[in-house]
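1. Give me the fold of what follows.
(chains A and B, ligands or ions: 2)
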Amino acid sequence: MNTVAICGNPNSGKTTLFNALTGSHQQVGNWPGVTVEKKVGKFKAAEKTISIVDLPGTYSLTANSIDERIARDFIIKENPDAVIVVVDQTNLERNLYLVLEILEMKKKVVLAFNMSDETQRRGISINTENLAKELGVKIVKTSASKKEGLNELKQAIIQTLENGKETQLFSYSEKFMKYLSQTEEILKKHHSDNFVDYGWTALKILEGDTEIKDSVSQETMQDIDKLTASMSQEFKEDPSIIVSEEKYKFISSLSKKYVTRKKVNESWSDKVDKVVTNKWLGIPIFLLVMWLTFTLTFTIGDIFNGMLDEGFVALGEWAGAKLGEGMLSSFIVNGIIGGVGSVVVFLPNIFLLFLFISFLGDVGYMPRAAFVMDKLMTKIGLHGKSFIPMILGFGCSIPAIMSTRTLESKRDRIVTILVNPFMSCAARLPVYTLVAGIFFPQNAGFVIFTLYVLGILISIISALIFKKTLFKNEESVFIMELPPYRLPSIKSILSEAGMRAFMFLKKAGTVIFAAVIVIWLLASLPAGVEYAGEESIIGIFGKIISPIFKPLGFGFWQASVSLFFGFLAKEVVTGTMGTLFGGEEILSQVLPQFFNSVSAYAFLVFTLLYTPCVATIGTIKQEIGAKWALFSVIYSFAAAYVVSFIVFTIGSIIF
Amino acid sequence: MLVPLSSLKIGMKGKIQSIDFEEQVKERFLAMGFVPGKDIELVHVSPFGDPMVFLIDDNKIMIRREQAGKILIDVGFLIETLFSIPDGMCEVFTIDSGMMLYERLKSLGIYPGITGEKHLYKGKIFFRTNQKDILLGKRISRKILCKKYV
Ligand SMILES: Nc1nc2c(ncn2[C@@H]2O[C@H](COP(=O)(O)OP(=O)(O)OP(=O)(O)O)[C@@H](O)[C@H]2O)c(=O)[nH]1
Ligand SMILES: [Mg+2]
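-> Ligands and ions are numbered 1, 2, ... in the order given. Down below sits the predicted model:
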C-alpha cells in the first residue's frame, strides 16, 4: 500500500483535508499548532487504498519545536511515497517557502492549494496552471472545509504516485549556485555512496542543518567550512540566511509572475481584532470571554444534570424495588447506579465546557488570548504560547500537555507542563458540583469559581517558584501568527464536543466502572460484613491511611479512600463516595455527618490540587520523562496538602 | 530613514531592511515571513504594551518588543532639522522649543503638519509655504524638525 504524507504550514487546513479524505474526526482548530503528533488514516481512490498520514504544521524543515521535528522526521526518514503539501493561498509566499524545501528533497509532490473560498474575498488570484508548470508539480485548488476539490486531489495523487517526476533543484542566483555545486563536489568526493541526494544534502549543509552536518565526516566539514566562510564573506551573511534569502528571491519572482492582488475593504476579522486587542478593551473582553465560558457551562449544565440526576434516582429506586435485598441488588443499586451514575450525571457540564473551548479554538481566539497574556505570562516565568495549553487544561490535562509541543524552549515547556494539572480539568467538576451543592447550596457557583481561581493562583505561584529555583532564566523568543477569525461550522464544534462527551462516557463505562466494581467488592468483603462498614477491607485500608488527612479536616476513612482511588481518574472520587454511601440523593443526607463547610471546602481544595490522574502522569512521563513525572506527583501532593491545611486551619478559626 | 520595528506607532509602515539575530532565530523569522524587502505594518499592540502584531503580506504575526527592536525597517521618510534636511518639499513634524518661538513661527504660518518647500538662496534658509517665502535663521531652523518622504 502506498503511503502519502500531508504536510504544510501550521493552520493551512491539513487536518481538515485529512478528515475530509478519510472521514475521520481529528481535532481541527483555528490556531497554529493544533496537531502535534502524526495521525494515520486511509482513503480510496481509483480502486486503490492509500494510507495517509496527517502531520503537525511546520514553517520550514529546519525544525525548532517538537511538533515540527515530528513532521520533518517523517518526511525525511520515513520516506513516504508522495507528499501532499497543503498551501494556504491567502499566504502564498510564505507557504511556498516550505514547498520549495520539500520539492528540493526530490519528493513526489502534489500541492493542495487550500482556502480557495477565501482568496476571492481577499482579492487574490493565482495562475496555478503556469505556476504548476514552472514548479513541475500538480496543483489542485481545494477548499477542505467545504469539501471542494477532493476528487481532483485524489486523482492528482494517483497520477503522481504512478508517474510523478522528482523536481530538480531550482536555479538560484549564479553567485550562489557556484558555491552550491562546489559543496556538492566535496560531498561526492568524500562520501561516494552515503547520500540519496547530494544536491539537497549540500543545500542543507549550507543552511546549517546540524543533524545533516553530523552525518558527514569531519574532514568533509573542514573543506565545506572553508567554502562557506568565503561565501559568507561574499554575501556578508550567515550561510543559512543566504539560502533562505535565495529561496525568497525565487518565490518573489514567482509571485510577481503568477499572483495578482486587488485592494479590498477591511475585513470583519480586522475590525474584530481592533476591538479585541484594544488597549482598554482587550483585557475586559478577555475576562468576559473566560467568565462567560464558565457561567454558561454551569447554568445551562445544571438544568440538564438535575434532570439526569432525577433519572438515576428513579432508576435506583426502581431497581432496588425489583431486585429486593441481596448482593445483586446492592451491587447494581450501590455500585453501578450509585457509583457510575453519580459521575455520568455531569455529562452535560462536560459537553458544554468542551463545546465552548472548541468554539473559542475554532473562531481563532486562542492566539489572541496568548497575545493579550504574553506579558503577564513572561512575568511569572511562562510564555505566551503556554496560555493555550492552560485554557485546554480546563478541559482535560492530557491534550493540554501534548499541546506544549509547540513551545520551542525546553524550559518553558517543562514549566508549562508541571503547572498545567493545577488548571482544574473537567473530571474534577463532578466532585466540586456534588460537594459544593451539598454544603454551599446558596452559592455553589461562586464556591466552584473560587476553586478555579485558586488553581490558577497555585499554578502561577508554582511557576514563579520553578523560575526561581529549578531553572536559570533564559530568554526565549515569541513568534506566532494570528490567523483571521473564521466562523466555525456548528457541525464541527458539536462533533468535537460530542466526541469529548463520548470519551467521558467511555471512561465512565471502563475505568470508572471497573473502579466502582473493585470498590464495591472491597466494601462487601470479607463475606458477611456490613456493606461499606469499618470491618470491610476497604474500611480497614481506609482507617490506615486516614490519619494522614486528619490535619486537613477530613480524617474519616471514606474520604481517604475516595482520594486514593481518585488517582485512577478524578471522577472516581465522586464514584467512590457514591458506591460507599449510595447515589447523590443519599450523599446529600450522609455527608454533613462527616464534613462541616470548612472541611468540605478543604476537601475540594485537596481534590483540585493533588496528584494528577494516572493518565496525566503517563502523559507527563511520555513528554518530559519519568523524573519530572515523579516530581509532579510529589510536588502536587505536597502543594495540595499544604494549601488544604492552610485553608482548613484558617477557615476553622474564622468560621 | 531606518528605524527599529519597535519604534513604530500603530498604522505606520515600512520595508524590512535587516534582521539582527543569531542564525537560528533569524532563520525562524525568515521562514515565518520576516524577509528583507517585504512591506510591514504595525497593526496591534497588546494592552500590556508587549507583544506587537505586524502585518506582512496578508498575514498577522506577533513578536515581542525586544525582538522587534532588532529588526530595522525603512519607513520611507527621514526626520531631520530644517537646517540639515535636503532641499525640496517637507512637512513640519515638531518644533523643539518653548512657547514663545512656537507662537512666533505659528504666526508666520509654520506649525506641525504644514507642508512647504525648503530652499537655499545665497546661503540663507527659506521655507516656502502658502505662497510665502519665510527666511529662517540657522539657530531657529535647527529647532524645526521636518519629515521628508524619499
Ligand atoms: N475558509 C476555509 N477555512 C478552512 C479551509 N480548510 C481549513 N479551514 C479552517 O482553517 C483552520 C485550520 O484548519 P486545520 O485543519 O486545523 O489546520 P492544520 O493545517 O491541521 O493546522 P495545524 O494542525 O495547527 O498545523 C480551521 O479553522 C479550519 O476550519 C478552507 O478550505 N477554507
Ligand atoms: Mg492539524
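
2. only C-alpha atoms for contact and neighbour calcs from this point on.
-> Fine.

3. Now stretch A:480-500 - C-alpha only, PDB.
-> This file holds the C-alpha atoms of stretch A:480-500, laid out as PDB (Å, rounded to 0.1, in the frame of the first residue of the first chain):
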ATOM      1  CA  MET A 480       3.300  33.300  16.400                       C
ATOM      2  CA  GLU A 481       0.800  34.100  13.700                       C
ATOM      3  CA  LEU A 482      -2.700  35.400  14.300                       C
ATOM      4  CA  PRO A 483      -4.900  33.700  11.700                       C
ATOM      5  CA  PRO A 484      -8.000  35.600  10.600                       C
ATOM      6  CA  TYR A 485     -11.200  34.800  12.600                       C
ATOM      7  CA  ARG A 486     -13.300  32.200  11.000                       C
ATOM      8  CA  LEU A 487     -16.900  31.400  11.700                       C
ATOM      9  CA  PRO A 488     -16.800  27.800  12.900                       C
ATOM     10  CA  SER A 489     -19.400  25.400  11.500                       C
ATOM     11  CA  ILE A 490     -21.900  24.300  14.100                       C
ATOM     12  CA  LYS A 491     -21.400  20.800  13.000                       C
ATOM     13  CA  SER A 492     -17.700  20.800  13.600                       C
ATOM     14  CA  ILE A 493     -17.900  22.100  17.100                       C
ATOM     15  CA  LEU A 494     -20.800  19.900  18.000                       C
ATOM     16  CA  SER A 495     -18.900  16.900  16.700                       C
ATOM     17  CA  GLU A 496     -15.800  17.900  18.700                       C
ATOM     18  CA  ALA A 497     -17.700  18.400  21.900                       C
ATOM     19  CA  GLY A 498     -19.800  15.200  21.200                       C
ATOM     20  CA  MET A 499     -16.600  13.200  20.800                       C
ATOM     21  CA  ARG A 500     -15.300  14.500  24.100                       C
END
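
4. is chain B contacted by that stretch?
-> Yes - judged by Cα under 8 Å from any Cα of the partner chain, stretch A:480-500 comes into contact with chain B at A:480-483.

5. didn't residue A:643 look like it was pressed against residue A:605?
-> Yes - in this structure residue A:643 lies within contact range of residue A:605 using Cα atoms under 8 Å: 7.5 Å.

6. These two: who's more crowded?
-> The neighbour comparison of residue A:643 against residue A:605 (other Cα atoms under 10 Å in any protein chain shown) goes to residue A:605, with 24 against 18.

7. picking up where we left off before, may I ask which of the residues of stretch A:480-500 next to chain B has the most neighbours?
-> Most surrounded of these: other Cα under 10 Å gives residue A:482, at 25 neighbours.

8. Can you tell me who it pairs with across the strands?
-> Note on residue A:482: beta-bridge partners by DSSP bridges are residue B:60.

9. how close does it get to ligand 1?
-> 11 Å (Cα to the nearest ligand atom, to the nearest Å).

10. what residues are up against that residue?
-> Going by Cα atoms under 8 Å, 6 or more residues apart in numbering or on different chains, residue A:482 touches A:31, A:364, A:367-368, B:59-62.

11. These also near ligand 1: which ones?
-> Within the set of the contacts of residue A:482, contact with ligand 1 (Cα under 6 Å from any ligand atom) is found for residue A:31.

12. For the closest residue to ligand 2 within the stretch 51-200 of chain A, what are phi and psi?
-> Ligand 2 sits closest to residue A:56 of the stretch 51-200 of chain A, with a gap of 5.8 Å, by Cα to the ion. Torsion angles at residue A:56 (phi, psi; degrees, to the nearest 10) stand at phi -60, psi 160.

13. Quick check, it in contact with residue A:38.
-> Yes - at 6.6 Å, residue A:56 counts as touching residue A:38 under the criterion of Cα under 8 Å.

14. Need the overlap of contacts for the two.
-> Residues touching both residue A:56 and residue A:38 (Cα under 8 Å, 6+ apart): A:70-71.

15. Which one of those two is surrounded by more residues?
-> Each of residue A:56 and residue A:38 has its neighbours counted (other Cα under 10 Å); residue A:56 has more, 28 against 15.
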